[in-house]
Every structure is written in structure tokens, then in C-alpha cells.
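Student: Return a 3D structure for these sequence lines:
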Amino acid sequence: MKAVLSLLIAGMFYLEAFAQTPILNSYPAARATVFLDFDGHYVQGTSWNWSGPIQALPSGLDPSAITEIFNRVAEDYRIFNLNITTDSTVFWKAPIAQRVRMIVTPTYEWYGKAGGAAYVGSFTWGDDTPGFIFSSLLGNSPKNVAEAISHETGHTLGLQHQSTWDNSCVKTAEYAAGQGAGEIGWAPIMGVGYYKNLTTWHNGTNTIGCNIYQNDVAIIAGSPNNFGLRSDDHGNTMNTATPLYISGTSFTATGLINTADDKDVFKFTINQPAAFRIHADPKSIGAGNAGANLDILVSLLNQKGDTVGRYNPAELLNTGLDSNLNSGTYYLVVDGINNVNLADYGSLGFYAISGSIGQTLPVHRFQLRGRSQDDLHQLNWEYQADEPIKRIEIEYSSDGEHFTTLVPLTAGNSSFSWKPTTSGNLYYRARAITVADERAYYSNIITLKKGAAAGFRLLGNIITNAITLTTGNGYTYELLDPSGRSLQRGKLMEGINRIEVQSSHKGLLLLRVQGENQSWCEKLIKQ
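Tutor: Residues are numbered from 1 along each chain as shown. I've put the predicted structure just below:
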């Protein structure tokens, strides 16, 4: 009687856990399916059952945690023709050789202490071999559980670990840890992503060998998984641009950057001079673009295809612009872009744009420029105004969002210089105050790096057989091709360095230089 009662109680517990799991699907049109199972599962007759059946208990995670986990994992797999689901009925309807169950459970003792476990390639085995994510060993953290799900699912889809190797072909880390910090701190999904905000697919050396490059996206989309990438949703050229529909003075649009070469082009026309504002955000789950996979570059072109402006804050994944435009036809281009930590290869994912077209501003063509030289930040600006200007205020920020007034200046000033006392990047904008109504109008935002000249200096971007640069002590470098594939890496000595690159192909190369607290990414042209 006691055994029956225990079974009944356990059954009630399962029903309660199931009721708490929200039903979510990332792409219902796809047949290939990854089922995130938070409700517990009895596993038998699989390659895991070397010691008998496994009773994996429910995760115990609440609906809000499950929803965050789902959204993080869904964004990692957004570019593929693949459905991430929490619905078991969707899983059972999927082709048996194009589905996998990923069990999120605190039950780890049968396996050992690890974040998760999965068989490489098991997605296509056709025998419903699951993968496991051990939530209790991950502190039940939604971020950590989501990273482990994406990682272990990657194994089932044929991926090995992304690993790091030194110049002597000695493995230095089984799990590549990435680089950088803050919003744009990056790590590969198939490395260790628990400690970085930005985790993406990567084309880098895997665990098998120092010369074995693993193209994550190609492997997941290709054979034998055979589900491919989602179709391109917007044209890549001015001729195939998607009309940007404006309702009243507002507009919205969404899109997906699903390859490194993909660009989404939107077209709009204004009939009289107007103020044009836009904000472009990657898909995320919270503040600081948490869980995003896309660093956005927005370009504005005129009807001739000439660039009016390019907008991409260095330390942020989102971007925006606020400008006055004359009447005419314009094109808005949304692109995934590399940054000092992330290669263009992995800057992929969903985005949303919103904006407005309204009355032209009394202060327009307000352009701020700047440069850093020997720790001195030199700013200059220009604008056109249809009303008298009372003063110009220079504002700065350490995060690109929260600005503080640095100095007020009279309207006749057009430049300002100072030496920052803090380290790291600083963001600047200029603020014009009108005489008539004391209204404020802002310039564009720029980013300047403190200590760049003293810590790193590249002696020319056009190279033939070698790169010449100067650095401080303790710097390293990595040379990459345009797809983000690492070509060579090494340590730099203090002073002048010469990096031989005779074996590298001609054309565009990327050079990453990493200091103790700062990193740089420079484009090179090899002739």
C-alpha cells in the first residue's frame, strides 16, 4: 500500500510540474525539433543505460526561469530551420531522425558532476537518445542552464568542443573561454559561455587538433542533420529592399541576420525635411542586451546609394540614430558586425527596429567627431541651427547610456580637449541648448579609448610580408581571415614587433590585439 501511495504522490508531482511548464515554440513551421524537457523523464533502452533505467526528476524551475531559458536557447538556434519547443506533442510529431529530447534535471548522480552530457551526432540516430543538463549542478541559474542546453544540443548536432591551442600545437584549454567583458564580452557556445554575455557559434579550432577548424553553422545546418538555415527575410540590395511602412509618424520592422554575408535593406521616402529617429535592438532577454547573439550596424544611404551615416557604438550591441533628413528616398541597412571580441561570422540573430519621422529639428546636422592621442581626447563638432543657440554642453559616459555633463561652453566654441582620469572607453555626445525655449538637441555618440596610443599602435594598415606594431608589456595578438577563422596567434614584446605573414592570403585580414584591460581589432589589407 505504501509503494502505491508513493507512486501516486510522484504522479501528482509530475502533473504539477507539467502544468507549470509554459508551452513555447521558436519556429513551428520547422519539422526538425529540439524538445526542452523540464518535467522529468524515465530513460531506458538507450546508450545511457549502462547501469539500468534512469529516473530523471523534474527540473523544479519556475515558469519565469523556464521562459528565460527557452528564449536564450531559441535565439542561439534562431538562424536554423529548427524548432526549439517545450511541447512534448510537437516532439513526438517530428521526424524520428530529426529530433532530440534535452532533459533538464537535478538527477546527475548516475553520470557524475558535469553541466550536462550528450552523444555527438545523436540528433539523427533515430532512437530518441536524449541529452542531459544537470540543473542543480548549475545552481539552477537560467543563464547557466541555457548555455549548457545550447552546448549539449550542439553536440547532438555533430559539434565537438571549441578549444584553444598555442603556437606549438599544445592544447591550452579544452573549452575556449572567449575574451572581453561587459555587454560585448564573448565566448563560443561550444566553449564555455557561463561567464560572458555574448555567446555565439564560431569557426575555430576544435578539440581534435590545432589545425582542425570547426565551422559550427555549416555543420549544424548541413548533412546529416539536413534542416538548413531559415530563408532570407529581407533583400540584401537597394533593388530588393523591403518597403518600410510608416503609420502616422511611427514605424517598426523586424528581421533575421542568418549569415555573415546577410544584410537587410529597407526603403522609405519622406516628402519634406523631417527629423528621423530609429532604434535597433538585437533579440535579448533583459537589460544590457543579455542573451543577444547579434551586434548591430545600421547604415543610412541616400537614393544614389551614398552613405549618409553608419551607426554602431563600440561597446553596445544595439544602436540608433537621430538626424534631420531632406526630402527624398532613403535606404536603411541592418547588418551583423564584428567587434573587438566577436568575429563577423558569429554576429547573427533576430532584431527589431522602431522609429519615427516627425518635424525637422531647429538644430540639425549636428555632427561630433573626436580622436585620442597620448591620452588626450580631442573633440570637435559642427551643426546647423534655425534658432539661436545659448550654449553647448559636452557630455560623457562609461556605458553609452548614462551621460554626465563634462563642460558647458559658449555657442561659438567648436572644439574641446581634456585628459580623462579614468581607464577604459568613454562615450561622448554634444548637447545644444536653444535660447528661445531652453530645449536640448543632441549630436551623434562617439567612442574614444584611453591609452590606445601608449598601449598599442599599428604602423600602417597596408602590408606585404609583415605587420609592424608597437605595444606595451604582456600583449598578445591573433590574425584572422574575413570569416573569423584564426590564422595565427602569439605573444608580443614591449616595444616594436614584427609579425611575419608571408603565408597568409592576400586581401582583407583582421588583427586582434589584447592587452591586460583592453583589446583592439584592426582591418589590414595584404598586397
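Student: Going by C-alpha atoms from here, please, whenever you check contacts or count neighbours.
Tutor: Will do.
Student: all strands of the stretch 251-400 of the chain, in order?
Tutor: Secondary structure of the stretch 251-400 of the chain (DSSP state E, counting those that start in this stretch): strands at 263-270, 274-282, 296-302, 307-311, 319-325, 328-336, 349-359, 363-373, 376-385, 389-397.
Student: okay, and for this structure, where does confidence drop off?
Tutor: Where the chain drops to pLDDT under 70, the residues are 1-19, 359-361, 364, 423, 437, 450-455, 516-519.
Student: Show me how this structure divides into domains.
Tutor: 1-230, 242-359, 363-449, 455-526 (automatic domain parsing).
Student: Gly370 contacts Glu382, correct?
Tutor: No - under the criterion of C-alpha atoms under 8 Å, Gly370 makes no contact with Glu382, lying 11.9 Å away.
Student: Can you tell me how far the closest residue in space to Arg310 that isn't next to it in sequence is from Thr319?
Tutor: Among residues not flanking Arg310 along the chain, Ser299 sits closest, at 4.4 Å (C-alpha to C-alpha, 6 or more residues apart in numbering). To Thr319, Ser299 is 10 Å away according to C-alpha to C-alpha, to the nearest Å.
Student: and of the domains of the chain, who's closest to Asn236?
Tutor: In terms of C-alpha to C-alpha, the element of the domains of the chain nearest to Asn236 is domain 242-359, at 5.0 Å.
Student: Let me have the domains of the chain in CSV, extended by distance to Asn236 and mean neighbour count.
Tutor: Formatted as CSV, these follow (distance: least, C-alpha to C-alpha, whole Å; neighbours: other C-alpha atoms under 10 Å):
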stretch, distance to Asn236, mean neighbour count
domain 1-230, 15, 20
domain 242-359, 5, 19
domain 363-449, 26, 17
domain 455-526, 18, 17
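Student: quick revisit: next, show the common contact partners of Ser299 and Thr319.
Tutor: Tyr311 (C-alpha atoms under 8 Å, 6 or more residues apart in numbering).
Student: just so I know, which of the strands of the stretch 251-400 of the chain lies nearest Ala148?
Tutor: So among the strands of the stretch 251-400 of the chain, strand 349-359 is nearest, using C-alpha to C-alpha, at 19.1 Å.
Student: Just checking: what are the partner strands of that closest one?
Tutor: When sheet partners are counted by DSSP bridges, strand 349-359 sits next to strand 250-257 (antiparallel), strand 274-282 (antiparallel).
Student: Nearest to Thr464, out of the ones you listed?
Tutor: strand 250-257 (33.7 Å).
Student: hey, where'd the helices end up in the stretch 1-150 of the chain?
Tutor: Assigned by DSSP state H, counting those that start in this stretch, the helices in the stretch 1-150 of the chain fall at 2-20, 63-76, 88-93, 142-156.
Student: Which strands or helices does the last one pack on?
Tutor: Contacts defined by 3 or more C-alpha pairs under 8 Å, 6 or more residues apart in numbering; DSSP states H and E place helix 142-156 against helix 63-76, strand 99-105, strand 116-117, strand 131-134.
Student: which residues make contact with stretch 469-481 from outside it?
Tutor: Stretch 469-481 is contacted from outside by 454-459, 486-498, 508-516, using C-alpha under 8 Å, 6+ apart.
Student: do the same with stretch 225-232
Tutor: By C-alpha under 8 Å, 6+ apart, the residues outside stretch 225-232 that reach it are 32, 79-82, 98, 123-124, 157, 220-222, 256-258, 262.
Student: Restricting to C-alpha, output that stretch in CSV.
Tutor: Extracted as CSV, the C-alpha positions of stretch 225-232 are listed here (Å, rounded to 0.1, in the frame of the first residue of the first chain):
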residue,chain,number,x,y,z
ASN,A,225,21.0,17.0,-40.0
ASN,A,226,19.8,18.4,-43.3
PHE,A,227,17.5,21.1,-42.0
GLY,A,228,19.5,24.1,-43.2
LEU,A,229,19.1,27.8,-42.5
ARG,A,230,15.9,29.8,-42.4
SER,A,231,15.1,31.6,-45.7
ASP,A,232,16.3,35.2,-46.0
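Student: Can you get me the centre-to-centre distance for that stretch and its chain?
Tutor: From the chain centre to the centre of stretch 225-232 is a distance of 20 Å (C-alpha atoms, centre = their mean, to the nearest Å).
Student: closest to Pro282 out of the helices and strands packed on helix 142-156?
Tutor: With C-alpha to C-alpha as the criterion, Pro282 lies closest to helix 63-76 of these, at 9.9 Å.
Student: Show residues contacting the closest one.
Tutor: By C-alpha under 8 Å, 6+ apart, helix 63-76 touches 20-22, 24, 26, 36, 84-86, 142-143, 145-147, 149-150, 200-201, 283-285, 291-293, 349-350.
Student: Now tell me what touches stretch 395-406 from outside.
Tutor: By C-alpha under 8 Å, 6+ apart, the surrounding residues in contact with stretch 395-406 are 313, 315-316, 393-394, 407, 424-431, 445.
Student: Now do the same contact list for the closest residue to Asn203 other than its chain neighbours.
Tutor: Closest residue to Asn203 apart from its sequence neighbours, by C-alpha to C-alpha, 6+ apart: Asn215 at 4.3 Å. For Asn215, the contact set (C-alpha under 8 Å, 6+ apart) comprises 202-204.
Student: of those, closest to Gly180?
Tutor: After measuring these against Gly180 - C-alpha to C-alpha - the closest member comes out as His202, at 15.7 Å.
Student: quick one: the closest one from Asn144, how far?
Tutor: 19 Å.
Student: for Gly248, same thing?
Tutor: 43 Å.
Student: Then Val100?
Tutor: Taken as C-alpha to C-alpha, the span from Val100 to Asn144 is 20 Å.
Student: Would you state the strands of the stretch 401-527 of the chain in chain order?
Tutor: Counting by DSSP E, counting those that start in this stretch, the strands of the stretch 401-527 of the chain are 404-410, 415-418, 425-434, 440-442, 446-449, 456-458, 462-463, 466-471, 476-480, 486-491, 495-500, 507-514, 519-526.
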